[in-house]
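*Asks:* Below is the structure, and that's it, no one-letter string:
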């Protein structure tokens, strides 16, 4: 039995890895999953350096002058490279506009038209309540308005928040009689440096000093591991659903049933998918290590989690491939298989939707419970393990037991569906019929 499974798996594996689709997929998958980060890196190297002109309609008569100074100071600080002195960000150019004695709406309309004609990027309107934000009145008065036709993600509004608040605070301090020479100390925020925890060397007994943490690297390491696991699992299991359906339509399984049982055929398919995944994992991990070595970021990678990475990879691929084979056997056309594709990606996509909450509170109740639910354990548990806080030692092992039980049970159910589905023709079966196949003798 084992010899037949290995021979069939070898045949499927060699045929699949020799195809252009598999080879191209090895290159395309990183671009699909990491293309957004590549685009961000390219855009950062080629930023839009055009000036952003913003009109300031100051109805307090006090905020505009310090605001213009604060913006000029921030431009000088952030817009130029400290070494080469070349411009790296767009300059924000503010234009003070006196309030019109006439209809205020007409003036806002005129400024809006200047924004539409791209003479202005946006305009600010500052009302007197901006100087007294602590006074609670109902309804709450409007203090500052920001008018623009930019998209939903507008970095300009975020950029303006600091100089605007600095200008308002300087006016408030001046009204309280504070000398201008004290403004810098009072208005400059205090920086909070993120530091690692202190440790004691087990051999020498000396205390290891805290180091400044690289927050970007701490985010990139767990996120990168999850992206890598997802990419490898999808490359290994995605072709299974349509491939089984095509072989069923071409009556290939009917010929192979003379040589092997349905269980052996499905086991061979799953084993071939596992081989594809391990092949692509070797390619991606080796490439990732080379990139990290070139970027001098090897220290940020939790290499001690690689054994867990491969355990989760094998379990996830085995589970999803067996389900893909079962669902593919139940389909009568590639269109039916495509409609069921969303079922396979659900155990992968749901952890993606909760990734940020899990990274925010890796040992919270939601993250802990989800990491112990077998379909989501590989993704969520690996994400929690790669965070600096780690997880209690018992949780990965409990999660592993759940994965093994889920994989064994799911593969058994999938095999029973597969043995009936590969010989069924005609209308696609209903869900109730597929469930009945799983328990039929």
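*Replies:* Everything's here; your move. Computed from a prediction, not measured in an experiment: that's the story for all the values here. Numbering: from 1, shown residues only.
*Asks:* From here on, just use CA atoms for contacts and neighbour counts.
*Replies:* Will do.
*Asks:* And stretch 347-364, what's buried?
*Replies:* Buried residues in stretch 347-364, counted by 16 or more other Cα atoms under 10 Å: 347-348, 351-352, 355, 358-359, 362-363.
*Asks:* Throw the residues you listed into CSV and include secondary structure and pLDDT, thanks.
*Replies:* Compiled in CSV, the buried residues of stretch 347-364 are given as follows (DSSP: H, G, I helix; E, B strand; the rest coil; pLDDT from 0 to 100):
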residue, secondary structure, pLDDT
347, helix, 83
348, helix, 83
351, helix, 87
352, helix, 83
355, helix, 86
358, helix, 88
359, helix, 86
362, coil, 87
363, coil, 87
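*Asks:* so which of these comes closest to residue 74?
*Replies:* residue 359 (32.0 Å; Cα to Cα).
*Asks:* so what's that closest one up against?
*Replies:* For residue 359, the contact set (Cα atoms under 8 Å, 6 or more residues apart in numbering) comprises 383-384, 387.
*Asks:* next one: residue 60
*Replies:* Residue 60 neighbours (Cα under 8 Å, 6+ apart): 126-128.
*Asks:* give me that answer again for 6 Å
*Replies:* Residue 60 makes contact with 127-128 under the criterion Cα atoms under 6 Å, 6 or more residues apart in numbering.
*Asks:* Report the separation between it and residue 276.
*Replies:* 68 Å (Cα to Cα, to the nearest Å).
*Asks:* which residues of the stretch 51-200 of the chain score low on pLDDT?
*Replies:* Low-confidence segments of the stretch 51-200 of the chain (pLDDT under 70): 134-140, 151-152.
*Asks:* For it, which segments count as strands?
*Replies:* Assigned by DSSP state E, counting those that start in this stretch, the stretch 51-200 of the chain shows strands spanning 52-58, 92-97, 122-126, 144-148, 199-200.
*Asks:* okay, now residue 339: neighbour count?
*Replies:* When neighbours are counted by other Cα atoms under 10 Å, residue 339 registers 10.
*Asks:* thinking again about what came up before, deepest of the strands of the stretch 51-200 of the chain, which one?
*Replies:* Mean neighbours per residue, mean count of other Cα atoms under 10 Å, is largest over those for strand 122-126, with a mean of 23.
*Asks:* Also compute the angle for it relative to strand 92-97, please.
*Replies:* 50 degrees (axes from the mean of the first three to the mean of the last three Cα atoms, to 10 degrees).
*Asks:* can you give me how far strand 122-126 is from the chain middle?
*Replies:* Strand 122-126 sits 34 Å away from the centroid of its parent chain (Cα atoms, centre = their mean, to the nearest Å).
*Asks:* ok and it relative to strand 52-58, angle-wise?
*Replies:* Computed by the same axes, to 10 degrees, the angle separating strand 122-126 from strand 52-58 equals 20 degrees.
*Asks:* Which parts of the stretch 51-200 of the chain are helices?
*Replies:* 64-78, 104-116, 155-175, 183-187 (DSSP state H, counting those that start in this stretch).
*Asks:* packing partners for the first one?
*Replies:* Right, the one you point to is helix 64-78. helix 155-175 (3 or more Cα pairs under 6 Å, 6 or more residues apart in numbering; DSSP states H and E).
*Asks:* how far off strand 144-148 does the helix it packs on point, in degrees?
*Replies:* Here the directions of helix 155-175 and strand 144-148 differ by 150 degrees (the same axes, to 10 degrees).
*Asks:* And helix 155-175, what's buried?
*Replies:* For helix 155-175, a neighbour-count test (16+ other Cα under 10 Å) marks 160, 163-173 as buried.
*Asks:* Let me have these in JSON lines, extended by distance to residue 237.
*Replies:* Formatted as JSON lines, the buried residues of helix 155-175 follow (distance: Cα to Cα, whole Å):
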{"residue": "160", "distance to residue 237": "48"}
{"residue": "163", "distance to residue 237": "52"}
{"residue": "164", "distance to residue 237": "53"}
{"residue": "165", "distance to residue 237": "53"}
{"residue": "166", "distance to residue 237": "55"}
{"residue": "167", "distance to residue 237": "57"}
{"residue": "168", "distance to residue 237": "58"}
{"residue": "169", "distance to residue 237": "58"}
{"residue": "170", "distance to residue 237": "61"}
{"residue": "171", "distance to residue 237": "63"}
{"residue": "172", "distance to residue 237": "63"}
{"residue": "173", "distance to residue 237": "64"}
